[in-house]
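J.: Need a 3D model of the sequence below.
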Amino acid sequence: MLKDHNHDLIHQLSELSDSLWRVEEYYNNAEGCSECQAIWQKISDDLNNHIEMLKGEIERHVREGRFD
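T.: As a prediction, the model looks like this:
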């Protein structure tokens, strides 16, 4: 079983990945409204940054042998 903090990292990564998929759909649905697309793009950028942060931390735990 994973320790809580490692489980939390993976769980949040999954949640954000699902959200990013939805936001990309919202962006496509907003075709014709550049203001809405700008909002969805900003949210997508933010989600991508958070996803990269989580992936980096998971990778660090694995490298250090602390992913248990």
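J.: what about the strand or helix carrying residue 50, distance to the chain center?
T.: Counting by DSSP states H and E, the element that carries residue 50 is helix 34-63. Relative to the chain's own centre, helix 34-63 is displaced by 5 Å; criterion: Cα atoms, centre = their mean, to the nearest Å.
J.: Give me the buried positions along it.
T.: Buried positions in helix 34-63, judged by neighbour count with 16 or more other Cβ atoms under 10 Å: 37, 40, 43-44, 47, 51, 54, 61. (C-beta placed from N, C-alpha, C; glycine too.)
J.: Can you show me the CA trace of stretch 9-28 as PDB?
T.: Provided in PDB are the C-alpha atoms of stretch 9-28 (Å, rounded to 0.1, in the frame of the first residue of the first chain):
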ATOM      1  CA  LEU A   9       0.200  13.000  -5.300                       C
ATOM      2  CA  ILE A  10      -1.100  10.300  -7.700                       C
ATOM      3  CA  HIS A  11      -4.700  11.000  -6.900                       C
ATOM      4  CA  GLN A  12      -4.300  14.700  -7.500                       C
ATOM      5  CA  LEU A  13      -2.400  14.100 -10.700                       C
ATOM      6  CA  SER A  14      -5.300  11.900 -11.900                       C
ATOM      7  CA  GLU A  15      -7.900  14.500 -10.900                       C
ATOM      8  CA  LEU A  16      -6.000  17.300 -12.700                       C
ATOM      9  CA  SER A  17      -5.500  15.200 -15.800                       C
ATOM     10  CA  ASP A  18      -9.200  14.600 -16.000                       C
ATOM     11  CA  SER A  19      -9.900  18.300 -15.500                       C
ATOM     12  CA  LEU A  20      -7.500  19.200 -18.300                       C
ATOM     13  CA  TRP A  21      -9.200  16.900 -20.700                       C
ATOM     14  CA  ARG A  22     -12.600  18.500 -19.900                       C
ATOM     15  CA  VAL A  23     -11.100  22.000 -20.200                       C
ATOM     16  CA  GLU A  24      -9.800  21.200 -23.600                       C
ATOM     17  CA  GLU A  25     -13.300  20.100 -24.600                       C
ATOM     18  CA  TYR A  26     -14.700  23.400 -23.200                       C
ATOM     19  CA  TYR A  27     -12.100  25.300 -25.300                       C
ATOM     20  CA  ASN A  28     -13.200  23.500 -28.400                       C
END
